[in-house]
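Undergrad: next comes the sequence, and after it the predicted model I'd like to discuss.
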Amino acid sequence: MTKNPLNERQQRAVTSPTNQILVLAGPGSGKTRVLTHRIAHLVQGGVAPYRILAVTFTNKAAREMETRLENMLGGKANGVWLGTFHATCARILRREALPGSSLPFDTRFVIMDADDQLSIVRRAIKELNISDKLFRPNAVLSAISNAKNNLILPQDFAARSYRDEVILRVYQRYQQSLQSSNALDFDDLLLWVVRLFSANPEVQNRYAHQFEYVLVDEFQDTNRVQYELLRQLSSAYGNLFVVGDEDQSIYRWRGADYRNVLRFEKDYPRCEKILLEQNYRSTQTVLDAARGVIDQNRNRTRKHLSSARAEKGKQIVLFEAVDDHEEAEYVVSTIQRALRDKLAEGADFAIMYRTNAQSRVLEEAFLSAGLPYRLVGAQRFYGRREIKDMIAYLRLVYNPSDDVSLGRVINVPARHIGDKTVEALQEAARSAGISAGELLLELGAPEPEAAFNGLLPARIHGVLQPFARHLHEWHNQLDSASLPALFDRILEDTNYQAWLDDGTDEGTDRWANVLELRKLAFDYETRGLEAFLENLALVSDQDTLPEENNAATLLTLHAAKGLEFDRVFIIGMDDGLLPHSRSKDDEEEMAEERRLFYVGLTRAKNQIYLVRAERRSTYGSYEYSTPSQFLEDIPRSLVQESGKVKPVRRVVNPAWDETMTWGRVPQAPASARTPQPALQSRYKATMRVRHPSWGDGVILESRIEDGEETVDVHFESVGFKRLLASLAKLEILS
DNA sequence: AGATGAGCGGTTTTT
DNA sequence: CCGCTCATCT
C-alpha cells in the first residue's frame, strides 16, 4: 500500500495550500497516509518540525505516524509535536505551571487516573454526608467530567436543580482535593491549557506563533474543549488541517460532538473540503454491508465508498449459537480450522465486542484451546493492585502531596498505621497548612524543623516514624539515583516481595507483575521518573502489552477504531448488546450504536463473521435475547448463514424476501421428529466435492448433529460454508 | 490493627 | 458470579 501513488484527491489533501482544510475520509481511504504525507510535505518544503503540531486521538496512532515519518524522512521530522490532545496539553502545562503562573498547581503535578478520580469522589461524598445510593460516585464523576468538557469550573457551574446543587458541592470538594494533591485529572489537562491561554493572551500567542501548522486526526471525536484548544493554537497562522469521518464518531458519551465538523465549516467559511471515498482496505462485499448499515443514519454527508480492489470478496458469515460458550467456541474453532488449512494466520483475526465483559468467555475458550491471543485495553495490567501500589509509591516520592497515593500505600504492606493514625496525621498537616505527605517528609528528616515537633502525640509519631524516614530517604534520592535504583530501593525498604509473594500461585503471579513493571522502569532509566509516570498515566495499556506472536486480537468495538484486520468477528450481535440497551431510548445514541457497528464492519479487509448467542450468562443466570436489529440492514445477498438447527424466525425488514427465514434451515418441531439412529457420515475431511452453484471445494469436517450430517466445506469460489448434507447436492469427486 | 465473612451491587464504551 | 464494602471478632 505504501508503494501505491496517492490518488488525485489524496494528493490534493497533501499539497493544498489552503489555510483551513477539512478532509472527510471514509474508512480505509488512506487518512493516516494523507496526514503523514502532508507533514512530510511541509517538512520538505522547509517548515521546521517544531512548528508543526499534529494531534491524534490515541497514543497508538501517534506512534504509528511517528514510525511512518521516520521511514519517509529519516530523522528529518524529529521535533514535530506529535501526540494525543492529553499528552500535548500535559507537555504545555509542565512548562507553564511555574511559580507565579495563574495555574493552581506546579510543574510536578501528577495525573489522576479513573480509579483515583473515583476514590476522590467517594471520599468527597462521604465527607459531605451525602448518600452514595442517591448519588452514585460514577454518575457524579461523569457529571463533573461533563462540566469540565464544557469548560465549566465550579465557580461557573449553574445549579438548576437540587441534584445539581449536590453535584456542585461534590465538584467543589473534588477540585479542592486535586489542588491540594497537586494533581490533575484527564479533563483538567485540556481545561487548564484553555484557561491558561484565555487568561494570558501572551502565553497563547507564544504557542500560536510557534505552531505554524496544526493538523488533527479523528476530528469527529473532538469535544468542545478540544475544539476551543485548536482554535487557540492555530490563531496566529490559521493553518488548520483536520481529518475525520462523521460516520465513525463513537465518543459522544465522552463529550465528543461530530457537529464540530459543521462548526468548522461555519467558523472557517473559506475552508476547503476534500472527500476521500476510494477504499483501499476492504472487499466490495464488506463495503456494501457497511453501507447498508450506515445509510440508515440521517444528518450526515452521504459518501459513496468504492473498493479499489477488484474482487467482490467472501460472503459475510452469520452464526447463531445457543449460548455465549458456543459463541466463543465457534470463534475459536473457526480460527483453528483456518490455521490448520493454512488459509490464514493468527494475527489476521480480530474478535470485537461491545462490552469488555464479553472478553472473559472468549479468553477461556482461547486458553483451553491453547490458541494464542492478545487482549487490548481493559485494565489488564495497570489495574492490578500490586502495580497500582508500586506506581503509588513512585508518585508519592515524586510528589509527596499526592494524597490519593499516600492513602494507598501508607499501610501497604501493613505497618500498623490504621485509620485513626492517618486521621491524626491529616489533622496535624491541616493545622500546619501543608499536605499530609509533606508533613511526613518533614518528620522523616534527620533533624525536623522545630515547628513540626509536638504536632502529633508521641505514640502516633512513633508509629509513623519508620515510614516517614523511608519516604524522606527516597525523596532525597530523586535527583541522585536512577529510576531503577529508586524502584529497587522501595521494594527493598518495604519488603514488598515478602509481603506479596506469599507462596500461593496468585502471589507468584503478582510478584511477576511487579517485575514486569520493574522492567519497564529500566526502559525509562535515562528519561527518568517524571517521564515514566506521565507515560503510565497517559498511555493506555494497548501500547505496552507484550506482543504475543502472531496471535488473534480481542478488543472492544471502540478500541478497534483506526485498525484493520484480514478477518473480523463481531460477536454479541444481540438486541440489548449491540445496540446496547442503555441506548435504546435515545435516537442520537442509537445512531451512535449504529456507527459503532459500522466501525467494526469496516475494519475487515476480507471477511466478516457476525456471531450471536440466543442466551448468555450474566451474573450467573441466563438471559435470552433476539438478534440485533442492525443485522436486518445488511443486504441479504451478502450473507451466508451457519449454525445449529432451531425454530424459524421471521424477519421484519421488508427489504428482505418475505419467504426468507432468519438464521436457520426450517425444520419440523422437535416433537414431530423421530429420533434417528446414529447415521453414517457420507463425507470425510479432505474429500473433494462439487456443489451445483459454488463449484469445487474440499471437506473440512463432517459430523452428526441432531441426527443430521453437517459438513464444513471450503469452496474455491466462496470460501467457508457449513451445510446440511441431506439438503446440499454435493457430488463427491475423490 | 488486622482477619474473616456476610451482603450487595454491578456492565457500556476510554484519553 | 465476582469483587468490594462494612461489620464483627480476635
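TA: Nice, thanks for sending it over. Residues are numbered from 1 along each chain as shown, chains lettered A, B, ... in the order given.

Undergrad: first vs last residue of stretch A:401-414, how far apart are they?
TA: 21 Å (CA to CA, to the nearest Å).

Undergrad: enumerate every residue touching the one residue in the stretch 51-200 of chain A that gets nearest to DNA strand B.
TA: With CB to the nearest atom of the strand as the measure, residue A:84 is the residue of the stretch 51-200 of chain A nearest to DNA strand B, at 3.7 Å. For every residue, glycine as well, the C-beta is placed using N, CA and C. Shown in contact with residue A:84 (CB atoms under 8 Å, 6 or more residues apart in numbering): A:55-59, A:62, A:538.

Undergrad: so which of those sit within strands?
TA: A:55-56 (DSSP state E).

Undergrad: and the furthest pair within the contacts of residue A:84?
TA: A:55 and A:538 (13.4 Å; CB to CB).

Undergrad: more neighbours: which of the two?
TA: residue A:55 (27 against 18; other CB atoms under 10 Å).

Undergrad: give me the number of residues near the closest residue to that one other than its chain neighbours?
TA: Closest residue to residue A:55 apart from its sequence neighbours, by CB to CB, 6 or more residues apart in numbering: residue A:216 at 4.9 Å. Using other CB under 10 Å, residue A:216 has 26 other residues around it.

Undergrad: tell me the spacing between the spatially closest residue to residue A:212 that is not a sequence neighbour and residue A:560.
TA: For residue A:212, ignoring the flanking residues on the chain, the nearest one in space by CB to CB, 6+ apart is residue A:51 at 4.3 Å. According to CB to CB, to the nearest Å, residue A:51 and residue A:560 sit 34 Å apart.

Undergrad: equivalent analysis for residue A:416, please.
TA: Counting by CB to CB, the gap from residue A:416 to residue A:560 is 48 Å.

Undergrad: quick one, which of the two is more surrounded?
TA: Using other CB under 10 Å as the criterion, residue A:416 and residue A:560 rank with residue A:560 on top: 24 against 10.

Undergrad: does that one touch residue A:603 like I think?
TA: Yes - the criterion here is CB atoms under 8 Å, and residue A:560 meets it with residue A:603 at 5.3 Å.

Undergrad: what do those two both touch?
TA: A:350, A:352.

Undergrad: can you name the element that comes right after whichever strand or helix holds residue A:171?
TA: Element membership for residue A:171 (DSSP states H and E) is helix A:162-180. Note on helix A:162-180: by DSSP H and E, the next helix or strand toward the C-terminus is strand A:183-184.

Undergrad: if I look at the closest residue to DNA strand B within the stretch 351-500 of chain A, how far off is residue A:460?
TA: Relative to DNA strand B, the nearest point of the stretch 351-500 of chain A is residue A:418 (1.9 Å; CB to the nearest atom of the strand). Distance, residue A:418 to residue A:460, by CB to CB: 10 Å.

Undergrad: go on, residue A:513?
TA: Per CB to CB, residue A:513 is found 33 Å from residue A:460.

Undergrad: which SS state does the nearest residue to residue A:12 once chain neighbours are set aside fall under?
TA: Distance criterion CB to CB, 6+ apart; nearest residue to residue A:12, sequence neighbours excluded, is residue A:274 at 6.0 Å. Secondary structure assignment for residue A:274 (DSSP: H, G, I helix; E, B strand; the rest coil): strand.

Undergrad: now do the contacts for residue A:274.
TA: A:9, A:12-13, A:16, A:21-24.

Undergrad: can you do 6 Å?
TA: By CB atoms under 6 Å, 6 or more residues apart in numbering, the contact set of residue A:274 is A:9, A:12-13, A:23.

Undergrad: do residue A:217 as well
TA: Residue A:217 neighbours (CB under 6 Å, 6+ apart): A:35, A:56, A:243.

Undergrad: quick check: what element follows the host helix or strand of residue A:485 along the chain?
TA: Element membership of residue A:485 [criterion: DSSP H and E] is helix A:483-494. Per DSSP H and E, the first helix or strand lying C-terminal to helix A:483-494 is helix A:496-500.

Undergrad: what is that following helix packed up against?
TA: helix A:505-523 (3 or more CB pairs under 6 Å, 6 or more residues apart in numbering; DSSP states H and E).
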